[in-house]
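Enquirer: please find the sequence and the predicted model below.
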2 protein chains.
Amino acid sequence: MCQLLAMNCNVPTDICFSFAGFQARGGATDVHADGWGIAFFEGRGMRFFLDPQPSAVSPVAELVRSYPIHSKNVIAHIRKATQGIVALENTHPFMRELWGRYWIFAHNGNLPDFAPTLDGSYTPVGQTDSERAFCWVLQQLRRRFGKSAPGQAELFDELHRLTLDLGARGACNYLLSNGDCLFAHCSTQLSFIVRQAPFAVAHLRDQDLSIDFSAVTTPDDRVAVIATVPLTDNESWTAMPNGSLWLFAEGAPVGHRQTVAGPESRPPT
Amino acid sequence: MCQLLAMNCNVPTDICFSFAGFQARGGATDVHADGWGIAFFEGRGMRFFLDPQPSAVSPVAELVRSYPIHSKNVIAHIRKATQGIVALENTHPFMRELWGRYWIFAHNGNLPDFAPTLDGSYTPVGQTDSERAFCWVLQQLRRRFGKSAPGQAELFDELHRLTLDLGARGACNYLLSNGDCLFAHCSTQLSFIVRQAPFAVAHLRDQDLSIDFSAVTTPDDRVAVIATVPLTDNESWTAMPNGSLWLFAEGAPVGHRQTVAGPESRPPT
């Protein structure tokens, strides 16, 4: 399996602190050593760093950890391979363009029997189930809405429908963003925290590193961080219920939907 | 205008030496300070570094200069903005996927009147004429060949036809690669060199830096380097004729076609 990390903010924010803890899990404090990647939206543009090396020893990861890139939407991934060899083309996140916006996708899980019919509008480059699922999602969105991007609510509705299908195929924790907002699906494991005023000190779980957010923020800043396993050990993270799809915008969760039948297994705390 | 750099090789090779000279032109030895980018194919995968900062002072460029990434096809670009603001979404090279392969495009020139009808299969994210041209090229390739990638010769034929049209719209020096081979179009200015055994010492034009290629190569290695302005001052570069489209594969030019009517203005030397 893999681990996911995302950030969604109301002002461009750097992810250096969170990434320092996440990076350590790629071969140092944890076993996810089969490559890593991170994508930063800056306005409509996108920066994209991928490395099939473990993040704990990657010079590119060292740059990302030390060079503050300010972004409102970030998605990162460290890989423990299940389907597909350890190679750059199988390294998450994946990127495609739809409706004149870049879309970024990362997945933690396993969809062994998911072999959708792809019409050629998006074709996987690598061999992962994850990239196949991403191509299918974008193809279905394009089929549903044609050449014009829908509003956020319509997009969330359609993505919910698609995720009901995807979620039935196996473990499917995923992160998806078009730079405007961020979707997070918890299939088996995903947590989040919203940091806003009054800001406090946070301490990483994977490295002895603290930051006083009150010294580096303004009172209006709001930042949501989403991770497979909470990154800090002195803050209260919310575990998403298994089978829930969340929409984050401007640093806060603004909607969530159930993606499994029956009562949700764990309510938000 | 901008400057272009590409490398096409028969074995994965790092571009650190050439990039050191090219990087200096982005704000130090030359005026192309409106952002830069570089894309490296590694097998089917792709690494992609973009920065709207001048390459001469960019920490990301410093990483690329000092971290040997081995690739058979590389495309880089430093920007002097003509159309589109200085922003990440207008920073070359651009990336899309077609037929399950990534495609990379960078452009030097100006296509002021090029406003093709785009059917939505590829839509520009930024405002440049360059990205518009790239989207149109991929759209036309998909229309021509459908869901299946053609062979290299057919692809070159079709690209030649498309370039006849593009080349009539303005200055259109471009580089295009799908990771297998590399296409280079000289509209107004582009040169190349093929380095192969016996290898010699090369000295950069933009920095006092030399390399003895015989110490870092094997006798079978072959590397083509393509640049707007030759990067070294002690080697013999070939100026491509204005109005010529070249196909590079395995480190050598394997075909070229005229893209303007009448006799070619300058024969290869």
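Expert: Sure, I can see it. Numbering: from 1, shown residues only, chains lettered A, B, ... in the order given.
Enquirer: what residues does the stretch 1-150 of chain A put near chain B?
Expert: Residues of the stretch 1-150 of chain A found near chain B (Cβ under 8 Å from any Cβ of the partner chain) are A:42-52, A:59-60, A:63, A:67, A:87-91, A:95-102, A:119-126, A:142, A:146-147. Every residue, glycine included, has its C-beta placed from N, CA and C.
Enquirer: quick one, helices of the stretch 151-269 of chain A?
Expert: Along the stretch 151-269 of chain A, counting by DSSP state H, counting those that start in this stretch, helices occupy A:152-167.
Enquirer: which pLDDT value belongs to the nearest residue to residue A:44 once chain neighbours are set aside?
Expert: With sequence-adjacent residues excluded and distances taken as Cβ to Cβ, 6 or more residues apart in numbering or on different chains, residue A:44 is closest to residue B:89, at 4.2 Å. Looking at residue B:89, its pLDDT stands at 94.
Enquirer: ok, now how distant is the residue of chain A positioned farthest from its centre from residue A:231?
Expert: Relative to the centre of chain A, the most outlying C-alpha is that of residue A:215, 26.6 Å out, by Cα atoms, centre = their mean. In this view, residue A:215 and residue A:231 are 19 Å apart by Cβ to Cβ, to the nearest Å.
Enquirer: so what's the residue count around residue A:212?
Expert: Using other Cβ atoms under 10 Å in any protein chain shown, residue A:212 has 11 neighbouring residues.
Enquirer: what sits against it?
Expert: Under the criterion of Cβ atoms under 8 Å, 6 or more residues apart in numbering or on different chains, the neighbours of residue A:212 are A:199, A:200, A:201.
Enquirer: please name the bridge partners of it.
Expert: residue A:201 (DSSP bridges).
Enquirer: could you turn the buried ones of the residues of the stretch 1-150 of chain A next to chain B into a ChimeraX selection?
Expert: Filtering the residues of the stretch 1-150 of chain A next to chain B down to the buried ones (16 or more other Cβ atoms under 10 Å in any protein chain shown) takes a single ChimeraX command:
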select /A:42,43,44,45,46,47,48,49,50,51,52,60,63,87,88,89,90,91,95,96,97,98,99,100,101,102,121,122,123,124,125,126,142
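Enquirer: quick one: which of the residues of the stretch 1-150 of chain A next to chain B sit in helices?
Expert: Within those, residues falling in helices by DSSP state H are A:59, A:60, A:63, A:142.
Enquirer: now render those residues as TSV, adding pLDDT.
Expert: Below are these laid out as TSV (pLDDT from 0 to 100):
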residue	pLDDT
A:59	89
A:60	90
A:63	89
A:142	97
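Enquirer: any chance of those in CSV with distance to residue B:176 as columns?
Expert: Shown next, in CSV, are those (distance: Cβ to Cβ, whole Å):
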residue, distance to residue B:176
A:59, 29
A:60, 25
A:63, 28
A:142, 24
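Enquirer: would you agree the residue nearest to residue A:44 is in contact with residue A:47?
Expert: No. The criterion here is Cβ atoms under 8 Å, and residue B:89 misses it with residue A:47 at 10.8 Å.
Enquirer: return the distance of the nearest residue to residue A:236 once chain neighbours are set aside relative to chain B.
Expert: Take residue A:236 and drop its neighbours on the chain: the residue closest to it by Cβ to Cβ, 6+ apart is residue A:193, 7.2 Å away. Going from residue A:193 to chain B by Cβ to the nearest Cβ, to the nearest Å gives 28 Å.
Enquirer: separation between residue A:193 and residue A:5?
Expert: Distance from residue A:193 to residue A:5, counting by Cβ to Cβ: 12 Å.
Enquirer: which one of those two has more residues nearby?
Expert: Legend: neighbour count by other Cβ under 10 Å for residue A:193 and residue A:5, higher for residue A:5 (26 against 18).
Enquirer: what sits against that one?
Expert: A:15, A:18-19, A:22, A:74-77, A:225-228, A:231.
Enquirer: what sits against the spatially most central residue of chain A?
Expert: Ranked by distance to the mean C-alpha position of chain A (Cα atoms, centre = their mean), the top residue is residue A:175 at 3.4 Å. For residue A:175, the contacting residues are A:4, A:6, A:75, A:77, A:93, A:104-107, A:182-185, A:226, by Cβ under 8 Å, 6+ apart.
Enquirer: and residue A:26, by the same measure?
Expert: Residue A:26 makes contact with A:32, A:33, A:36, A:54, A:55, A:56, A:58, A:61, A:78, according to Cβ under 8 Å, 6+ apart.
Enquirer: from these, pick the one nearest residue B:251.
Expert: Closest to residue B:251 out of the contacts of residue A:26 is residue A:58 (28.2 Å), distances taken as Cβ to Cβ.
Enquirer: quick one, what contacts the closest one?
Expert: A:26, A:36, A:51.
Enquirer: and the strands in the stretch 151-269 of chain A, which stretches?
Expert: A:171-177, A:182-186, A:191-196, A:201-203, A:210-212, A:222-227, A:238-239, A:244-249, A:252-258 (DSSP state E, counting those that start in this stretch).
Enquirer: cheers, nothing more for now.
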